[in-house]
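# structure here, sequence nowhere to be found:
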């Protein structure tokens with residue numbers, strides 16, 4: 001019995017030792033590849049390229065020309081001769097003011113002119129009669145001089161009467177209130193029977209020309225200075241003629257206006273309350289789709305970065321100080337953390353101005369697996385192709401694609 005017990009105990013010990021060794025061997029086999037393997041990351045190799053830079057600025061539309069119609073003579077409005085909201089032409093009659101009083105003034109001024117002309121003829125004849133008599137001393141020299149003065153005074157009275165007649169005629173014409181420009185007229189602020197006065201403060205109607213139409217946008221003075229410095233230093237180059245740069249428009253509902261505009265001018269004074277300047281663009285508006293006062297966003301061309309570096313936004317993170325950073329894979333395969341400077345977003349990429357160089361490889365996939373100083377397996381990353389299926393898997397590095 002003792003020999004059998006010893007044999008059984010020996011066999012059990014051997015089995016237990018074999019099991020322990022087997023488990024250890026399995027553990028070594030599973031741990032060894034994990035310890036020896038390098039994390040795989042997707043990288044993008046940076047290359048310089050020409051980048052056109054745009055900026056979107058908020059603004060509002062304003063009429064190309066605005067004319068506030070005011071009467072130039074006083075009187076009662078007899079007729080309104082336009083349709084509110086309709087198209088009017090320059091010199092088209094809009095209102096008729098009662099012309100009776102002004103017609104009477106014209107008749108009175110015409111009669112005064114006729115009287116002055118008659119007096120001038122009498123004075124002229126008298127001078128002609130006195131001249132030979134004065135030479136023969138039949139009349140005194142003083143009498144002749146008085147006759148000449150009376151003639152000259154009569155001539156001045158004629159000129160004054162003519163001016164009064166012209167004024168009366170002009171006032172009679174002003175009883176017809178005319179449109180000063182072509183455009184669309186708004187609502188009438190007076191009706192038939194209303195009393196209007198010359199040069200009154202309130203307009204009776206407003207005519208606006210909205211084809212073409214202005215879009216006034218505001219740009220930060222700081223942004224403008226930065227742009228000018230970039231152009232002066234050569235970091236940016238002017239894209240064509242700045243005064244004829246093309247501008248596109250996005251309306252308040254998010255739709256794009258189909259007709260491009262041109263940059264008209266940039267204000268030379270900074271608004272002290274907002275610290276911004278006004279930039280004006282002009283757009284064709286034949287369909288009157290744009291109305292004065294509409295909100296819009298204008299997209300302006302600022303310039304061209306001839307050697308721009310673009311980095312996908314997914315490859316840029318921020319440190320605890322809020323500085324943008326990127327992880328770069330060096331020639332030795334090790335990760336280096338860089339603090340970079342970004343200028344602006346260009347689509348889904350950042351335009352980098354400092355911290356990175358052409359030819360360097362930036363990690364854009366697997367950033368969470370990379371740590372500064374470790375060695376990684378870098379493969380070229382390709383962006384996911386657009387897919388209509390929202391559940392389609394994202395693109396993988398080339399080495400993982402099947």
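In hand now; what should we look at? Because the structure is predicted, anything quoted here is derived from the model rather than measured. Residues are numbered from 1 along each chain as shown.
# rest of the way, CA atoms for contacts and neighbours
Will do.
# buried ones in the host helix or strand of residue 173?
Assigning secondary structure by DSSP states H and E places residue 173 in helix 141-174. Judged by neighbour count using 16 or more other C-alpha atoms under 10 Å, the buried positions of helix 141-174 are 144, 147-148, 150-151, 153-155, 157-158, 160-162, 164-165, 167-169, 171-174.
# partner strands of the next helix or strand after it, with direction?
The helix or strand immediately downstream of helix 141-174 is strand 176-178, counting by DSSP H and E. Neighbouring strands of strand 176-178 in its sheet, by DSSP bridges, are strand 93-97 (antiparallel).
# compute the inter-axis angle for the helix or strand just after the strand it pairs with and helix 141-174.
Next along the chain after strand 93-97, taking DSSP H and E as the criterion, comes helix 100-135. Counting by axes from the mean of the first three to the mean of the last three C-alpha atoms, to 10 degrees, helix 100-135 lies at 160 degrees to helix 141-174.
# now helix 100-135: average pLDDT?
Helix 100-135 shows an average pLDDT of 95 in the prediction.
# and residue 206, how far from residue 181?
Computed as C-alpha to C-alpha, to the nearest Å, the residue 206 to residue 181 distance reads 10 Å.
# before we move on, what about residue 46?
To residue 181, residue 46 is 57 Å away according to C-alpha to C-alpha.
# what of residue 143?
In this view, residue 143 and residue 181 are 59 Å apart by C-alpha to C-alpha.
# now do the helices in the stretch 201-350 of the chain.
Secondary structure of the stretch 201-350 of the chain (DSSP state H, counting those that start in this stretch): helices at 221-233.
# so residue 82 touches residue 92, yeah?
No: counting by C-alpha atoms under 8 Å, residue 82 sits too far from residue 92 to count as a contact (9.0 Å).
# so which bits of stretch 249-265 are buried?
Within stretch 249-265, the residues that qualify as buried are 249, 250, 257, 261, 262, 263, 264, counting by 16+ other C-alpha under 10 Å.
# of all those residues, which comes closest to residue 382?
Closest to residue 382 out of these is residue 250 (31.5 Å), distances taken as C-alpha to C-alpha.
# neighbouring contacts of stretch 199-209?
Applying C-alpha atoms under 8 Å, 6 or more residues apart in numbering, the contact partners of stretch 199-209 are 63-73, 179, 181-190.
# of those, select the buried ones using a PyMOL command.
Buried subset of those, written as a PyMOL selection, criterion 16+ other C-alpha under 10 Å:
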select buried, resi 63+64+65+66+67+69+70+71+72+73+179+181+182+183+184+185+186+188
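# and stretch 338-346, average pLDDT?
Mean pLDDT, computed over stretch 338-346, is 89.
# do stretch 44-60 as well
For stretch 44-60, mean pLDDT is 88.
# so which of the contacts of stretch 199-209 are in strands?
In strands, defined here by DSSP state E, the members of the contacts of stretch 199-209 are 63, 64, 65, 66, 67, 68, 69, 183, 184, 185.
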